[in-house]
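[1] test case, fold it:
(2 chains)
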Amino acid sequence: MTGSTGLWVLAGTLVAGLVVGVLLHRRNGRIRTTTPEAPSGLPEPVVEALAPGTAVTLVQISTTFCAPCRHTRAVLSHLAKRTEGLTHVDLDVTDRPHVARDLGVLRTPTTLALTSSGRELLRVSGVPKAQELLTALEPHLVPRVERGSHSQGG
Amino acid sequence: MSAGPAVDPRGPRFAAVVTTVVLAVVLVTGWWPLLAAQTVVFAIGAFAGLRLAPYSVLYRVLVAPRLKPTSEREDAAPLRFAQAVGFVFALVGTIGYASGVTALGIVATAFALFAAFLNAAFDFCLGCEMYLLVRRFTPRTEQTS
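    As a prediction, the model looks like this:
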């Protein structure tokens, strides 16, 4: 009896694993546009990480226990280096999981693209594809020409 | 505590394949001593280090010499964390089977198999990426520093 039950559970687990694996694989690196949150809703370490001078900051949420985080760091820092108006910050939240909770991040690496005022443009789970990410961010990178022309309204 | 030196990423992948097969056999046969052995394997990887982990040793002795060497390296910390997660599930499963609560044994083994299979087939380390999710359900030990 145990044998046949176990066999069914084995089959079910493998099918579930296949489905989840394919879904995760598809979702990996996909860009999701998110509903913008109020800047006041951002956790403090994220606000501190925002580069005031640049149009877009990529905030990467990592943990010590995350294997693809290293790869993501390499991709993003390279992208930021060759793109004007773009900075990359790697935020290790291993010892402060509340930061991830406040952001609604369950999985690492997750990368958030934020404007200098803290508005969220998009987020990417898994290792981002550099070119796709750049294309999505391009419209937000352009207005760096008119820097300092606007006074900040409350 | 340092997690140890970085490793050839194909080693953990190999270990995941072996783990998948072992856990599948446990599910079909319900033979809990095998699950107990797998629990010990997880424990060594998680708490003693990857160098001593039985499947890593097997990889280095049997598989690695037949493959082209690679300069690619993977951090040990995520892998050891994942082994610790596997250890918990395998331990619960062993206790379930051995104490006659077979349903518990089956469910815990299925969870461990699910994670090992994702790692073997898709190179997706569930334990590593779900660290934050795990932390959400554990009481916070240290908050301020």
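[2] how about low-confidence regions in chain A?
    A:1-3, A:35-40, A:143-154 (pLDDT under 70).
[3] spatially central residue for it, please.
    Residue closest to the average C-alpha location in chain A (C-alpha atoms, centre = their mean): A:T111, at 1.4 Å.
[4] repeat that for chain B.
    Nearest residue to the geometric centre of chain B (C-alpha atoms, centre = their mean): B:Q83, 3.5 Å.
[5] secondary structure element for that one?
    Remark: B:Q83 resides in helix B:76-98, with elements defined by DSSP states H and E.
[6] quick check: residues of chain B near chain A?
    Proximity of chain B to chain A, by C-beta under 8 Å from any C-beta of the partner chain, involves residues B:24, B:26-30, B:74-75, B:77-79, B:81-82, B:102, B:106, B:110, B:113-114, B:117-118, B:121-122, B:124-125, B:127-133, B:135-136, B:140, B:142-143, B:145. Placement of C-beta: from N, CA and C, glycine included.
[7] mind listing which of the residues you listed are in helices?
    Counting by DSSP state H, the part of these found in helices is B:24, B:26-29, B:77-79, B:81-82, B:102, B:106, B:110, B:113-114, B:117-118, B:121-122, B:127-129, B:131-133, B:135-136.
[8] what about burial for those, which qualify?
    Taking 16 or more other C-beta atoms under 10 Å in any protein chain shown as the criterion, what is buried in those is B:24, B:26-28, B:77-79, B:81-82, B:102, B:106, B:110, B:113-114, B:117-118, B:121-122, B:127-129, B:131-132, B:135.
[9] circling back: surely the residue nearest to the centre of chain B meets B:G49?
    No. B:Q83 is not in contact with B:G49 according to C-beta atoms under 8 Å; the separation is 10.0 Å.
[10] point out where chain B drops to low pLDDT.
    Using pLDDT under 70, chain B drops low at B:1, B:138-145.
[11] how about the helices in chain A?
    A:2-27, A:44-49, A:68-81, A:97-103, A:130-141.
[12] in CSV, list those helices along with distance to chain B and mean neighbour count.
    Shown next, in CSV, are those (distance: least, C-beta to the nearest C-beta, whole Å; neighbours: other C-beta atoms under 10 Å in any protein chain shown):
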stretch, distance to chain B, mean neighbour count
helix A:2-27, 4, 15
helix A:44-49, 13, 15
helix A:68-81, 7, 18
helix A:97-103, 4, 19
helix A:130-141, 19, 15
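[13] closest to B:Y59 out of the ones you listed?
    Among the helices of chain A, the nearest to B:Y59 by C-beta to C-beta is helix A:68-81 (21.0 Å).
[14] and the angle for that closest one with helix A:130-141?
    In terms of direction (axes from the mean of the first three to the mean of the last three C-alpha atoms, to 10 degrees), helix A:68-81 departs from helix A:130-141 by 50 degrees.
[15] dump helix A:68-81 to PDB, restricted to CA.
    Extracted in PDB, the C-alpha atoms of helix A:68-81 (Å, rounded to 0.1, in the frame of the first residue of the first chain):
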ATOM      1  CA  PRO A  68      22.600  33.900  -8.800                       C
ATOM      2  CA  CYS A  69      23.100  37.200  -6.900                       C
ATOM      3  CA  ARG A  70      26.800  37.200  -7.800                       C
ATOM      4  CA  HIS A  71      26.000  36.900 -11.400                       C
ATOM      5  CA  THR A  72      23.300  39.600 -11.200                       C
ATOM      6  CA  ARG A  73      25.800  41.900  -9.500                       C
ATOM      7  CA  ALA A  74      28.300  41.400 -12.400                       C
ATOM      8  CA  VAL A  75      25.600  42.100 -15.100                       C
ATOM      9  CA  LEU A  76      24.200  45.200 -13.400                       C
ATOM     10  CA  SER A  77      27.400  46.800 -12.300                       C
ATOM     11  CA  HIS A  78      28.700  46.400 -15.900                       C
ATOM     12  CA  LEU A  79      25.500  47.900 -17.300                       C
ATOM     13  CA  ALA A  80      25.600  50.900 -14.900                       C
ATOM     14  CA  LYS A  81      29.200  51.600 -15.700                       C
END
